[in-house]
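Visitor: Got a predicted structure here, sequence first:
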Amino acid sequence: MAALVLAEHDNASLNEATAKAVTAALQMSTPVHVLVAGADCAKAAAEAAKLQGVETVLVADDPRYAHLLPEPVAELILSRASSYEAIVAPATANGKNILPRVAARLDVPQISEIIAVQSPDVFKRPIYAGNAIETVEAKGFKKVVTVRVSAFAAAPSGGNAAIETIAPAADPNLSRFVGENLTRSERPELTGAKIVISGGRGLQSKENFALIERIADRLGAAVGASRAAVDAGFVPNDRQVGQTGKVVAPELYIAVGISGAIQHLAGMKDSKVIVAINKDEGAAIFSVADYGLVADLFEALPELEKALGR
Amino acid sequence: MKVLVPVKRVIDFNVAVRVKADRSGVELANVKMAINPFDEIAVEEAVRLKERGAASEVVAVSIGPAGAQETLRTALAMGADRGILVKHDGPIEPLAVAKILKAIALEEQPRLIILGKQAIDDDCNQVGQMLAALLNWPQGTFAAKLELRDGETAVTREVDGGLQTVALTLPAIVTTDLRLNQPRYASLPNIMKARKKPIAEKSVADYDVDPTPRLKVIEVREPEKRRAGARVANAAELVERLRERGVI
């Protein structure tokens, strides 16, 4: 039996989350097939075909899949589900939205946001915002799994999978796309970035985030934020790092003016190297930081920018 | 229009959870419990719909031990009209919860079911989507804004790149994200009033659902602890250290 991975993409290109979910899927069942559901998504499909370990890319190219609405996409996955032992998606907004629908219709539990595949039937996943790690066994039924992408390496490119066009499934016509307001950024995406620099309430204003952005540009880093900074309106919601926002695990995470609420720590504590800059030396963020700088960020950030320029 | 709001009793988000010594799970005895924060947002949204005249009745339902009655009282004090307590001791998986909620939805015939996007204990993020699938209803997950129009609801969702708006035909499922609203504090008079609001007691067997978990929990462990590292004196030293580590 095989595994099917639901691709994360924007039609024009494949999101790296897909390559990470492929890595997890390969540990569950082989061969691995990737399903690209989209509209004018040939480019994304071609990128998926290059992922090593992928045998076949199934492409359902139809306007009804343009925005990956969960009702029609779940029907599409269900129309192919009988051929697979495992159905896998990255735990992105789309994966989390679509996959439980599939699991319920298959009458199987879903295993959410796994961080390790211990054996093809045994998975590790964080519970209580990562304050505990649960090991669960899923035996005797089809596995429906979402994958925390920060926990898996991306499958390398260099493969050459077959691309097979498949017919769309019935559209339940229950919902329609109205519009979207996506943040455009020249910087790397939060979940895939090697370096992330995040700001918190300590930044005090939207304008002051420019201090963070200038350093991000020097380092080629993504910009994140704490929930407090998002709630205060300093940055849009999709920048939020934390239990209920994005979970990141970059090589380097720099937390600026962030106190280190459990909520935030859950989203970044698996980063390789953590730096904290905060004027409150008792801030909880220092308890997880490899390097702590107790300083007023309005002095420290310009100095940091200068030091990086040397 | 009737609105159904499922609420879960979980460990209060301010409490540091402890893993049991035998690694069978997390210590729940003598720990402060509270309504799941995302469910509180769901109750608030439903009550606001009623206050605006868009909803006629708000029914809260909880599946859990006898103590879940307190969780229902919290929802009733916020403004829900009545409660349904489906008594169940021990773990229950999202799929079984969704099946029970489906049975209740078929009985109660709500036009809208608002749920928290996830419970902060098991972090599954499944029940709303599963319930939508079992009922064959549309879903608007991770809602930041909800508007009702003729026969449909427009839901603005928090997605990876920003916000997305979808229109769902009613009846529909909505799951809440953090920024949908700021839940109210229940006033003392409303807490008193909530004591008199009806709560119907049911059992899982009433809905012909098997609550036996299908995933086997092998163990629950504490994550590896990170230790605090060194302090640096200034930005220049920080850059030096990071260069030594090879991360910049």
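Guide: Cool, the structure landed. Being a predicted model, the structure only gives us computed values, none of them experimental.

Visitor: switch to C-alpha atoms for all contacts and neighbour counts from now on
Guide: Will do.

Visitor: Contacts only, for residue B:57.
Guide: B:1, B:2, B:3, B:50, B:80, B:81 (CA atoms under 8 Å, 6 or more residues apart in numbering or on different chains).

Visitor: Please name the strands paired to the longest strand belonging to chain B in the sheet, noting orientation.
Guide: Looking across chain B with DSSP state E, the single longest strand is strand B:139-149. Strand pairing for strand B:139-149, determined by DSSP bridges: strand B:152-159 (antiparallel), strand B:172-176 (parallel).

Visitor: Mind listing what's buried along it?
Guide: Residues B:139, B:140, B:141, B:142, B:143, B:144, B:145, B:146 are the ones in strand B:139-149 that count as buried (16 or more other CA atoms under 10 Å in any protein chain shown).

Visitor: Please tell me the pLDDT value assigned to the second one.
Guide: What that stands for is residue B:140. Predicted confidence (pLDDT) for residue B:140: 98.

Visitor: Would you confirm that it contacts residue B:174?
Guide: Yes - between residue B:140 and residue B:174 there is a contact under CA atoms under 8 Å: 4.7 Å.

Visitor: Give the residues shared as contacts by the two.
Guide: Common neighbours of residue B:140 and residue B:174 (CA under 8 Å, 6+ apart) are residue B:155.

Visitor: Let's have the contacts of residue B:57 in a markdown table, adding pLDDT and distance to residue A:72.
Guide: Below are the contacts of residue B:57 laid out as a markdown table (pLDDT from 0 to 100; distance: CA to CA, whole Å):
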| residue | pLDDT | distance to residue A:72 |
| --- | --- | --- |
| B:1 | 94 | 27 |
| B:2 | 98 | 27 |
| B:3 | 98 | 25 |
| B:50 | 98 | 31 |
| B:80 | 98 | 33 |
| B:81 | 98 | 35 |
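
Visitor: By neighbours, which of those wins?
Guide: Within these, residue B:3 tops the neighbour count with 27 neighbours, counted by other CA atoms under 10 Å in any protein chain shown.

Visitor: between whichever strand or helix holds it and strand B:172-176, how many degrees?
Guide: For residue B:3, the host element (DSSP states H and E) is strand B:2-6. Per axes from the mean of the first three to the mean of the last three CA atoms, to 10 degrees, the angle that strand B:2-6 makes with strand B:172-176 is 50 degrees.

Visitor: Remind me what strand B:2-6 packs against, helices and strands.
Guide: Contacts defined by 3 or more CA pairs under 8 Å, 6 or more residues apart in numbering or on different chains; DSSP states H and E place strand B:2-6 against helix B:37-51, strand B:57-64, strand B:112-116.

Visitor: For the stretch 101-250 of chain A, which segments count as strands?
Guide: Here the stretch 101-250 of chain A has its strands, by DSSP state E, counting those that start in this stretch, at A:110-114, A:116-119, A:122-127, A:132-137, A:143-147, A:162-165, A:175-182, A:195-199, A:222-225.

Visitor: What separation is there between residue B:180 and residue A:237?
Guide: 12 Å (CA to CA, to the nearest Å).

Visitor: Show me where chain B dips below the pLDDT cut-off.
Guide: Along chain B, segments meeting pLDDT under 70 are nowhere present.
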